[in-house]
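Peer 1: what follows is a predicted structure for the sequence shown.
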Number of protein chains: 2
Amino acid sequence: MSEAPRLTESASAVFAVLAQAGSATRPQLASLAGLSKPTVSAAVAELESARLATHSGTASSGTGRSAAVYGLGPASGSVLAVDLGPARTRVRGCALDGTLLAEAATPRARAADAVREALAALPAGAPLRAIVVAVGDVTEPDRAGTGMRPATAKAGPVFDAVSVALPPGVPVHLENNVNCAALAELQEGAARGRRTFGYLRIGVGIGLGIVIGGQVLRGANGAAGELARLPYPWDDDREPRQEALEAYVGSHALLRRAARAWRAGDGPRPRTAERLFALAAEGREPARGLVARHAADVGRLAAAVTAVLDPGLIVLGGSTGADPQLLPGVRAELGRLSWPTEVVSSQIGDLGTVVGAARLAVVKGVQNVTEGAQAKD
Amino acid sequence: MSEAPRLTESASAVFAVLAQAGSATRPQLASLAGLSKPTVSAAVAELESARLATHSGTASSGTGRSAAVYGLGPASGSVLAVDLGPARTRVRGCALDGTLLAEAATPRARAADAVREALAALPAGAPLRAIVVAVGDVTEPDRAGTGMRPATAKAGPVFDAVSVALPPGVPVHLENNVNCAALAELQEGAARGRRTFGYLRIGVGIGLGIVIGGQVLRGANGAAGELARLPYPWDDDREPRQEALEAYVGSHALLRRAARAWRAGDGPRPRTAERLFALAAEGREPARGLVARHAADVGRLAAAVTAVLDPGLIVLGGSTGADPQLLPGVRAELGRLSWPTEVVSSQIGDLGTVVGAARLAVVKGVQNVTEGAQAKD
DNA sequence: CGGACTTCGTTAGGAAGTTAACTAACGAAG
DNA sequence: CTTCGTTAGTTAACTTCCTAACGAAGTCCG
């Protein structure tokens, strides 16, 4: 739709802070954007005439004249976030202020259906400005040139299946799912207000999302935080093997150890990590011992991260990592080995990846508005 | 001296690029600073009247009118860099364009003498704008509030001894020596033109300087890159100990292994790492085997760094790390365990720390000019 | 030696944003 | 109901930097 209405720099800045805030009065916009009142007046007028902002009420600050409140306008459009999880595909559509407009989830195999369902629920008149797809894989530049795709065969097929369901002409960004979850913790989880932290995810695999100065660190190959490549075992007389650490700390290994440790009379053997943690929470052996040992292992992983990055905060997530039972053990081992570092459990859970992908999509969508390149309707 | 002559923003920008370039014509300044010709004219006039820049000649680009060349003026002043090394103290005084004005070195115990000697050799009429002191220690905020000091007792006394020799009123910045050396590699060493890399120093101790986007990463406690805290030994059935990795990979351990491996008939046993490497270069056993083993150890260290950061480039430095004999072994082990990463040897050597500290001091000194806070004469 | 051409630097006019001062709107106190 | 203090928004003068056009100072070439 419509021509690309190039915004002035000040209008772009005001739009960006308005999207961040959701809604705001003009004085608030002025102080958030670091602009003067007259400039904000001009910018708001410009945004209103482009239908990117609308007057949505008034707000009185107790004393004095009441201020006009503005929110995003109908032309600001929406963005789409897709989490291609190992079991389920989750899709969210959001406005540029982050409000949820559409949501869908399917088993991984029917990923494209979830995308189509969410797209149908988005407002038709306004442009879709960005799409972020989260995959459990390192990403690499597309052969074709412009885009990105999963680097290994792991996530490739599903990504291709989803691609055909996406509307053409909308910029698509691929991002690692752990990085997305880290962003979610940063924006609305356990790392709110931080500028630097690490999000350590322990589940079937192990991964680290690194946030430095509010930015995700991706690395030269997009492989920053791929802790499975840490040398392990590592000692004077041992030879490290590739991916050996994941095979040792991952949840499969935890269950394998449980199977070995289980004796007759210990009751039914847990088949999932959740069940094992539930037994440990009741104080039952050998579950308790296994969980304590797992906590020490995670603590060592956290120590490795801390030795390199000294992030000041580590958020634990993932199917086994997020359990608060681990905290004392992790903190003890980390404190013994490394620097004073806060350790907390994730508060977002499974939804973290979609939520973070949506946050990222909002950022890209706002850029799409402020930096001119108009997306397809 | 003199009042603080607040510079306009454009004059500050021009001064910054002029300091970076050393000398430049007005058209060059315009393109480097991203300013228009008239604005540069005004800025240069302002800088000249403040004696921060001087006309230093003309340059012809073949055809057309020849351009006026400008360089830093006498009022731009100088900065001081101090490397409190484990054995020697090195001091350098530089102008804000990086040219060396004074140099001194003493044994560590007489550090203050080196500082006094270098200070005496600096031009008297112009202000000293910044001092950077590099120490082999993590740094922490001063109790007093404003400054920083070494966090542990290791470097404290020497730092205090040097402090009394420093002129009062000049801002002093403390920085880790490995971080300084990393900056030196970035600016004039093996990492020129990079935005992100790791500088891995192996000597008596082990340390990592992390540069991301041209900035040194310091971490929440100033302890980023303190690899001695990596969990080691690390295996299913072993308990990691604090600082155990340094005790294993450091040069003391290398010589200890040499002592154990040496048999009668192997010739004189090397007493220093340099000697051991020299024997290995001649192809003599057991030196060659020991060096190959050391290379694999360093490769594992590099793999740990790569697993977390994926920096794309690792520069090896330090008394044992900088030897190019290590390169094939390090590359092989790193390639086996982790991501495609370039590995090169440092080209700067022992001087890296002072050079990097001087670079940092220049940056701080330029900030001192452009951001107003006038230093004492 | 004198155009023709190219590059440097200045002058003139305009765009964008800031500060300062003024007007407008609102609540509370007298 | 008026008046006063406070906060919102507008108007006006000024600052800063840009673009465009022009004059100045070189080189190249016949």
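Peer 2: Yep, it's here. Numbers count the residues shown, from 1 in each chain, chains lettered A, B, ... in the order given.

Peer 1: ramachandran angles for the residue in the stretch 251-377 of chain A that DNA strand C sits nearest to?
Peer 2: Taking CB to the nearest atom of the strand, DNA strand C has its nearest neighbour within the stretch 251-377 of chain A at A:T370, 11.9 Å off. The C-beta positions use only the backbone N, C-alpha and C, and glycine is treated the same way. Backbone torsions for A:T370, taken as degrees, to the nearest 10, come to phi -80, psi -30.

Peer 1: can you get me a residue count around the nearest residue to it once chain neighbours are set aside?
Peer 2: Spatial nearest neighbour of A:T370, chain neighbours left out: A:S12 (3.6 Å); criterion: CB to CB, 6 or more residues apart in numbering or on different chains. The tally of other residues near A:S12 (other CB atoms under 10 Å in any protein chain shown) stands at 20.

Peer 1: quick one, what contacts A:S12?
Peer 2: With contact set as CB atoms under 8 Å, 6 or more residues apart in numbering or on different chains, A:S12 has these partners: A:V369, A:T370, A:E371.

Peer 1: among those residues, which has the minimum pLDDT value?
Peer 2: Here the lowest pLDDT out of those sits on A:E371, with 86.

Peer 1: hang on, isn't A:R88 packed against A:R108?
Peer 2: Yes. Under the criterion of CB atoms under 8 Å, A:R88 makes contact with A:R108 at 6.3 Å.

Peer 1: how about the contacts made by the residue of the stretch 251-377 of chain A closest to DNA strand C?
Peer 2: A:L7, A:S12, A:A13, A:F15, A:A16.

Peer 1: the bottom helix or strand of chain A by mean pLDDT?
Peer 2: In chain A, no helix or strand scores lower on mean pLDDT, DSSP states H and E than strand A:139-141, which sits at a mean of 74.

Peer 1: who does the next helix or strand after that one pair up with?
Peer 2: Once the chain leaves strand A:139-141, the next helix or strand it forms, by DSSP states H and E, is strand A:148-150. Partners of strand A:148-150 in the sheet, by DSSP bridges, are strand A:139-141 (antiparallel).

Peer 1: contacts for the partner strand, please.
Peer 2: Contacts of strand A:139-141 (CB under 8 Å, 6+ apart): A:G147, A:M148, A:R149, A:P150, A:A151, A:L174, A:E175, A:N176, A:N221, A:G222.

Peer 1: would you agree the second one is in contact with A:D137?
Peer 2: No. Taking contact to mean CB under 8 Å, the distance of 10.7 Å between A:M148 and A:D137 leaves them out of contact.

Peer 1: list the buried residues for the helix or strand where A:V355 lies?
Peer 2: If you go by DSSP H and E, A:V355 is part of helix A:352-370. Within helix A:352-370, the residues that count as buried by 16 or more other CB atoms under 10 Å in any protein chain shown are A:352-370.

Peer 1: just the contacts of A:S12 now: which is nearest chain B?
Peer 2: Closest approach to chain B among the contacts of A:S12 (CB to the nearest CB): A:E371, at 17.6 Å.

Peer 1: count of residues packed around the closest one?
Peer 2: Neighbour number of A:E371 under other CB under 10 Å is 9.

Peer 1: related to what we said a few turns ago, which two of the contacts of strand A:139-141 have the greatest separation?
Peer 2: A:G147 and A:N221 (16.6 Å; CB to CB).

Peer 1: which of those two has more neighbours?
Peer 2: A:N221 (19 against 14).

Peer 1: you'd agree that one is up against B:E342?
Peer 2: No. Using CB under 8 Å, A:N221 makes no contact with B:E342, being 11.4 Å away.

Peer 1: quick check: end-to-end length of stretch A:85-104?
Peer 2: End-to-end distance for stretch A:85-104, by CA to CA, to the nearest Å: 13 Å.

Peer 1: so A:V132 sits right up against A:A361, yeah?
Peer 2: Yes. A:V132 is within contact range of A:A361, at 4.1 Å (criterion: CB under 8 Å).

Peer 1: common neighbours of these two, please.
Peer 2: With CB under 8 Å, 6+ apart as the test, A:V132 and A:A361 both reach A:V79, A:L80, A:A81, A:H173.

Peer 1: assumed the first one was part of a strand.
Peer 2: By that I understand A:V79. Yes. Under DSSP: H, G, I helix; E, B strand; the rest coil, A:V79 falls within a strand.

Peer 1: could you measure from the residue of the stretch 51-200 of chain A found nearest chain B over to DNA strand D?
Peer 2: Closest contact between the stretch 51-200 of chain A and chain B, by CB to the nearest CB, is at A:T196 (6.6 Å). Look at A:T196 and DNA strand D: by CB to the nearest atom of the strand, to the nearest Å, they are 32 Å apart.

Peer 1: what is the burial count for that residue?
Peer 2: 23.

Peer 1: do A:G265 as well
Peer 2: For A:G265, using other CB under 10 Å, the count is 5.

Peer 1: same question, the one 10 residues further on
Peer 2: With neighbours defined by other CB under 10 Å, the count for A:R275 comes to 15.

Peer 1: now do the helix or strand where it lies: which elements does it pack against?
Peer 2: Assigned by DSSP H and E, A:R275 falls within helix A:273-281. Contacts defined by 3 or more CB pairs under 8 Å, 6 or more residues apart in numbering or on different chains; DSSP states H and E place helix A:273-281 against helix A:251-261, helix A:287-309.

Peer 1: adding distance to chain B, write those out as CSV.
Peer 2: Shown next, in CSV, are those (distance: least, CB to the nearest CB, whole Å):
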stretch, distance to chain B
helix A:251-261, 10
helix A:287-309, 4
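
Peer 1: what is the mean pLDDT for the host helix or strand of A:V164?
Peer 2: Assessed by DSSP H and E, A:V164 sits inside helix A:156-165. Here helix A:156-165 scores 86 as its mean pLDDT.

Peer 1: which helices and strands does that helix pack with?
Peer 2: Counting by 3+ CB pairs under 8 Å, 6+ apart, helix A:156-165 packs on strand A:78-84, helix A:111-121, strand A:128-135, strand A:148-150.

Peer 1: for A:A304, see how far away the closest residue to DNA strand D within chain A is.
Peer 2: Using CB to the nearest atom of the strand, the single residue of chain A nearest to DNA strand D is A:G64, 2.0 Å away. Separation of A:G64 from A:A304 (CB to CB, to the nearest Å) stands at 56 Å.
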